[in-house]
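Chemist: show me the folded form of this:
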Amino acid sequence: MVRVLMMAVLLAVGVAGGATAQGFPTRPVSMVVGFAPGGPADVIARLIAPSLGADLGQPVVVENVGGAGGSIGQARVAQARPDGHTILFGSLAQATIPTLYRRLSFDPLAMDAVGLVNEVPMAIIARRNFPATTLAELVGVVRRDGRALNLGNAGVGSTSHLCSLLLVSSIGTPVTLVPYRGNALVMNDLMSGTLDMGCDQTTNNAEQIRAGSIRAYAITTEARATALPDVPTTAEAGLPAMRMSGWNMLFAPAGTPRPVVDRLNRALLAALRDENVLRRMGDLGSGPASGERTTPDGAQAFWRAEITRWRPLIEAAGQFAD
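Modeler: Numbering: from 1, shown residues only. Got it, this is the predicted structure:
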């Protein structure tokens, strides 16, 4: 009798869960971005939101919950009801938070990946009148002047912060790292000449590079960026150890029913086929993700591998956020 009752309860729970997944979404979906409006993650999130909403049949509303290197936004999603109506438009920050922040109010690993959205080249950049015209010359200036030079980033744990750490490690000479409260502030100071250097996603600097407002020395990916075909790769420019990509990924709270995760994934794949999305990504020097990493399982594996990759660099730098 007890066994029959247990089976009945399990069946009822399964039916209820299936019904919830089948009816998803029943209201607008909140897509949280852990950074301020106007930054690289926000730009791509707002680009794909209409396509996601069209496929889901409910609006997808971008909600900026910035601060603490993206951890506040992640906490907002991690602690939300796991029904798919609150999701995270994550970035490389989600691979650094588990190492950078050792006292958090939530488990930074308690997230279910939905799928990789895109990958973005990073550009090594400097103020327009910086005394170097090539990457080799920039490396020479850095090795000569060291901490007298300022290298700006969008805050501890941001993609530009990681790019800065990797650049300093690749050159082998420390400089003064300057954290800002967002990418836009870094760009403002680069264009005004009050900041020496930066290392940021092409989604945040391609237009300024093309306009000549700042200098670009190299792209950190294997191939040149389509939006900046005249800018060499770091391998071409003589710094092959400097290799990385920024990325964005959709996450749901841990425990979200797999049918809901799969439904979100189908909407993401539809968005990545949208011609407007593809065209605008190309303009920004980015490109849609493809292959296994666009699946929930593949994205989860990629995310965990990125955590493992960046942990030693962060620990060696000793720049913890707490």
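
Chemist: domains in this structure, by residue range?
Modeler: 29-119+245-317, 121-219 (automatic domain parsing).

Chemist: dihedrals phi and psi, R27?
Modeler: phi -160, psi 170 (degrees, to the nearest 10).

Chemist: how close does it sit to V60?
Modeler: The gap separating R27 from V60 is 11 Å, by C-beta to C-beta, to the nearest Å. (Glycine included, C-beta is placed from N, CA and C.)

Chemist: who has more neighbours, the two?
Modeler: V60 (25 against 10; other C-beta atoms under 10 Å).

Chemist: specify the beta-bridge partners of that one.
Modeler: As for beta bridges, V60 partners with V29 under DSSP bridges.

Chemist: what's the closest non-adjacent residue to R309?
Modeler: With sequence-adjacent residues excluded and distances taken as C-beta to C-beta, 6 or more residues apart in numbering, R309 is closest to A95, at 7.5 Å.

Chemist: CA atoms of the helix or strand that neighbour falls within as CSV?
Modeler: Using DSSP states H and E, A95 falls within helix 93-100. This file holds the C-alpha atoms of helix 93-100, laid out as CSV (Å, rounded to 0.1, in the frame of the first residue of the first chain):
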residue,chain,number,x,y,z
ALA,A,93,32.5,36.9,-15.2
GLN,A,94,30.5,33.8,-14.4
ALA,A,95,33.8,31.8,-14.7
THR,A,96,35.7,34.2,-12.4
ILE,A,97,33.2,34.8,-9.6
PRO,A,98,33.8,31.4,-8.0
THR,A,99,37.5,32.3,-7.6
LEU,A,100,37.3,36.0,-7.0
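
Chemist: switch to numbering from 579
Modeler: Let's use 579 as the start, then, which means that last one is helix 671-678.

Chemist: what is the rounded mean pLDDT of the very next helix or strand once past that helix?
Modeler: Using DSSP H and E, the helix or strand that follows helix 671-678 towards the C-terminus is strand 689-705. Per-residue pLDDT over strand 689-705 has a mean of 96.

Chemist: work out the gap between the next helix or strand after strand 689-705 and the centre of the chain.
Modeler: Where DSSP H and E defines the elements, the next helix or strand beyond strand 689-705 is helix 713-723. In terms of C-alpha atoms, centre = their mean, to the nearest Å, the gap separating the centre of helix 713-723 from the centre of its chain is 28 Å.

Chemist: kindly report the same for stretch 887-900.
Modeler: 17 Å.

Chemist: same question for stretch 729-745.
Modeler: 12 Å.

Chemist: which of the residues in it are buried?
Modeler: Neighbour counts using 16 or more other C-beta atoms under 10 Å place 729-745 of stretch 729-745 among the buried residues.
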